[in-house]
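1. Have a look at this prediction, sequence included:
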Amino acid sequence: MEFRVLGPLEVWTDQGRLPLPAVRHQRVLATLLLAPNSVVATTKLVEATWDDEPPATAVKQIQNAVSALRDRLGDTGQQIIATDGSGYRITVDEDQLDLLRFTRGIADARRLAERGALRDGVREIRAALKLWRGPILDGQGSDALTRRTTRLEEQRLAAIESCVDWQLALGQHREVLDDLIEITDEHPLRERPHAQLMLALDRAGRSGEALAVYQRLRAALAEELGIDPGPELRRLHEQILRGENHLAPETERPRDKDDRAGQLDRAAQELAAAITRQWTAEAEVRSLNRPEPVPLRWSSTEREVAAVASTVLGARPGEGPERLVLSGDLTDVVAKFRQVPARQLVVLGEPGAGKSVLAILLTLGLLADPPAGEPVPVLLPLASWDPHTEHLHAWLARKLVEEYPGLANTAAYGKDAAMRLVLGNRIIPVLDGLDETPPALHTAAIDALDRAAAGGRPLVVTCRSAEYEDAVQRTGAFLTRAAVVEIEPVEPEDALAFLTARRRLGETRWRPIADRLRRDPTGALAQALRTPLMVDLTRTAYADPARDPAELCDPERFPDRASIERHLLDSYLPAVYPAQPPPPDRPARFHGYRLDQAERWLGFLARPEQHDLAWWRLDRTEPRLAMGLCLGLPPALLFALTGWLAAGPWLAAVYGVSFGAAGFVTHTFGRRPGPLRVEARFHGTAGRFARRFAVGAIIGTALCLGWSLPAGAIALFAGVFGLAVGVHVWLDTPMDADRVASPLTVLRHDRAATLLFTASFMVSLGLFFALALLLTPDESGIEILDGRYDLELGLAGGVAGGLLGHFFVPRLGGVAYGLAGAVIGGQIIPAAAGLPQALLPGALFGLSVGLSVCLSRAWGTFAMTRLWLASRGRIPWRLLPFLDDAHRRGVLRQVGAVYQFRHARLRERLVPR
């Protein structure tokens, strides 16, 4: 006879399934089977049989039920169900009860796993889990039985989780996905299977889905329990964002956690100080407070792009009005934002409506008087984010380090401070310009923003109204907890107040504008002055008292809104680049730019596909093949001259073609690293310097052994290469998070790093080449090609070239320069006749390598590209001073390390037609 409780209660005999008596009798049998071979008191059987108050005859009825069960089971001798004291005991062995077989199988599996036999453990535990046929004791749901079956269900889940752990350790990531998806659907608040599913998805190459699992769990925990995921799950989430496909590290000591919390508090405080200085300065450059910005009013949008009011406000469905009603101006936007429970806000407006201005003033307002515990607002342009390739949190952490490089200082703020700020809900992302991302990404970006903001993470997003509405209407994706407001058109009286705020006493030239706006509030002029951008352009264009704004009222010259706006955009550069000499305290070469120069240079830089004017991307303004030649040819010529001096025309051709081809391929098809945001720092670098020195010494020794140099030369080069590699540790991240990256500081930092790299490679490899020419012994290795090529030397040269090329551009550079190094390294060159004959080729070789290193870095590429473009009149010779001057004039705005045109419409108007 076999009893089954891991599913509907069943009894099987040799004749088949045995029909059971009434439900009351089944509950008695189930209670006995859940405690096999143990005495179950009659009171427990009564409790399990009746959910409500048991009848007065409950004990008698239990006795009758036991008697009926004995009859059905054929237990005339009470061998199966025995009376024992004040209760009953059912006697079964392991082969008779599926529960006992399950318990034994789990124990055997765990013993196998403890011995390291994970595959056997998985097989054993899977066999045990197959005994489950559905919900345990399905249909027998009294309260007492439910409590017991809940504990058994927990054992089943724990067994599945253990099995999954073992399978993950065996690398069976895809094999466990179906089970984990089913369990997480059944148990949406259980953290361990969610963590396992995240890890399995990440290791299966589906990191985006892994991050989505975390966000769903985080939202569910917040909604149902009001809590966040546990520390282990948060740590795993951070590791997935960083691309670390490993299990969570061991738990840190409490003292370490306290230290890390203190470091993060300091990072947040210093970040807030940096952001305050940054955007206060930008507000001053934009004259937002001279005397006041253009009045902006906003209110809840009428477009169907927002959630119902109850969802935004956190109320129950149906409570209150369907549509959220918010309104205000620049003076109360901070207070209204803090009133939104989730602190999520979408700001819409037409082009030039003042969305960026509102974002700046909101950021500064939040920083001015923050309540305790409020996150730090961080204003970032959204144009560089691709939601298909990078999670929002990963992008935010990367942008934080780029704009505030001190956050990478692990000694001051701990490891991954930027990521911890993001994941720890310590920042409010103020993301400006969703519409500036490619249109094909708008819907995906909105959906990704909503998933990243799940659980009440604060967020502010600005976007053009039409683009946002179109993206929402296409797929229905929207920010489900965000209030959506729209900036209203500028009122005629507000426009007049701004235009005449700096009017001199007795000045009357704005009177025709005032009369036209009041007489025709819906006319072409009033329509053109509906946005702060056009109002500000009007004041700038007619700042010169000699210019008469009354011309804007001419209906023949300006028949509609578009013609007025074109005129104002075209008048902007002549207004800010007047034909007058620079002030005496400013060097003329910096501020003596003529209007025709500014129009030509800015027109070249105003490319539609480039929102950011980043100096390290200047080479992207030219075709890739042309830049490949421009960057690969100069070192190739120096290498060719080196080969000529070393052994004549044949070697010159080999050197020039080999390195020219490697440089062309690398610069044309490779992706060089961005600028280094580093500073020279010596304190606390002794240990790292010693380790780097040892690595360099090993490289130098290996190269010398490959060229069979004498012991003295090996010792010399061990020191030279050790120093060349070791000095790089003196370049480290800035000390403090309260320092903001700017185009000039980033250029200075990368230039210092580039020159140090260039000098170290130039000296070490130049000296090596010179002594190799002088000291290489006559005996050769494995010669081919009639004694012109040595395979041993070629192998050594290939390794050295590959390492050097990998430094230039990972992967592609390593292959290209590895092949070039193999070609030139194996060339058999006659030994130099003396020291002078060796030093000149050595110096040229070092210079060639140094130039290659320099042009592989951001600053070197920028310097060469700038020379190329400036020689053709496309840009000024001193580009950054020109851009800084344009920023001061208001043509550009500075966002961290890059410049942007003050508005997309101005950039579009400057593109040469």
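-> Cool, got the structure. Numbers count the residues shown, from 1 in each chain.

2. And the contacts of stretch 410-427?
-> Contacts with stretch 410-427, where a contact means Cβ atoms under 8 Å, 6 or more residues apart in numbering, come from 234, 237-238, 241-242, 259-260, 263-264, 266-268, 271, 375-378, 393-394, 396-398, 400-401, 404, 406-409, 457-458, 684, 735-737. All C-beta atoms are positioned from the backbone trio N, CA, C, and that covers glycine.

3. Inside strands: which ones of those?
-> With strands defined by DSSP state E, the entries of the contacts of stretch 410-427 inside them are 376-378.

4. Looking at these, which is nearest A35?
-> Within the ones in strands among the contacts of stretch 410-427, distances to A35 taken as Cβ to Cβ reach their minimum at V376, with 58.0 Å.

5. what does the model give that closest one for pLDDT?
-> At V376, the model reports a pLDDT of 94.

6. How about R464?
-> Residue-level confidence at R464 comes out at 93, pLDDT.

7. Check the secondary structure at G171 for me.
-> Assigned state for G171: coil (three-state reduction, DSSP: H, G, I helix; E, B strand; the rest coil).

8. about what we covered before: now tabulate the ones in strands among the contacts of stretch 410-427 in JSON lines and tack on distance to R123.
-> Listed next are those as JSON lines, based on distance: Cβ to Cβ, whole Å:
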{"residue": "V376", "distance to R123": "52"}
{"residue": "P377", "distance to R123": "55"}
{"residue": "V378", "distance to R123": "52"}
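
9. which of those has the most neighbours?
-> The most crowded member of these is P377, carrying 25 neighbours; neighbours defined as other Cβ atoms under 10 Å.

10. just checking, that one touches L459?
-> No. Between P377 and L459 there is no contact, the gap being 10.5 Å when judged by Cβ atoms under 8 Å.

11. shared neighbours of the two, which are they?
-> Residues touching both P377 and L459 comprise I428, with contact defined as Cβ under 8 Å, 6+ apart.

12. Just the element for the nearest residue to L434 once chain neighbours are set aside, please.
-> In space, and not counting its chain neighbours, L434 is closest to C463: 3.8 Å by Cβ to Cβ, 6 or more residues apart in numbering. Mapping C463 onto the secondary structure by DSSP states H and E places it in strand 459-464.

13. Pairing partners for that strand, with directions?
-> Using DSSP bridges, the neighbouring strands of strand 459-464 in the sheet come out as strand 344-349 (parallel), strand 427-432 (parallel).

14. Check which residues of that strand are buried.
-> Burial within strand 459-464, assessed by neighbour count using 16 or more other Cβ atoms under 10 Å, is assigned to 459-464.

15. mind checking how far it is from the chain centre?
-> Centroid separation for strand 459-464 versus its chain: 18 Å, with Cα atoms, centre = their mean, to the nearest Å.

16. Then stretch 370-389?
-> Taking Cα atoms, centre = their mean, one finds stretch 370-389 lying 11 Å from the centre of the chain it belongs to.

17. do stretch 211-223 as well
-> Shown here is stretch 211-223, whose average C-alpha point lies 19 Å from the average C-alpha point of the whole chain (Cα atoms, centre = their mean).

18. from now on call the first residue 9
-> All right, first residue 9 from here; so that's stretch 219-231.

19. what's in contact with it?
-> Contact with stretch 219-231 is made by 192, 196-197, 199, 202, 205-206, 209, 235-237, 241, 245, 248-249, 399, 401, 459-460, 462-464, as judged by Cβ under 8 Å, 6+ apart.

20. what helix or strand is the spatially closest residue to T483 that is not a sequence neighbour on?
-> With Cβ to Cβ, 6+ apart as the criterion, T483 has its nearest non-adjacent residue at 5.0 Å, and that residue is T451. Counting by DSSP H and E, the element that carries T451 is helix 450-460.

21. In terms of secondary structure, what does that helix contact?
-> Here helix 450-460 touches helix 215-232, helix 400-411, strand 467-472, helix 473-483, going by 3 or more Cβ pairs under 8 Å, 6 or more residues apart in numbering; DSSP states H and E.

22. Which one of those lies nearest to G730?
-> Across the helices and strands packed on helix 450-460, the minimum distance to G730, taken as Cβ to Cβ, is reached by helix 400-411, at 30.0 Å.

23. and after the closest one, which helix or strand comes next?
-> With elements assigned by DSSP H and E, the helix or strand that comes after helix 400-411 is helix 418-421.
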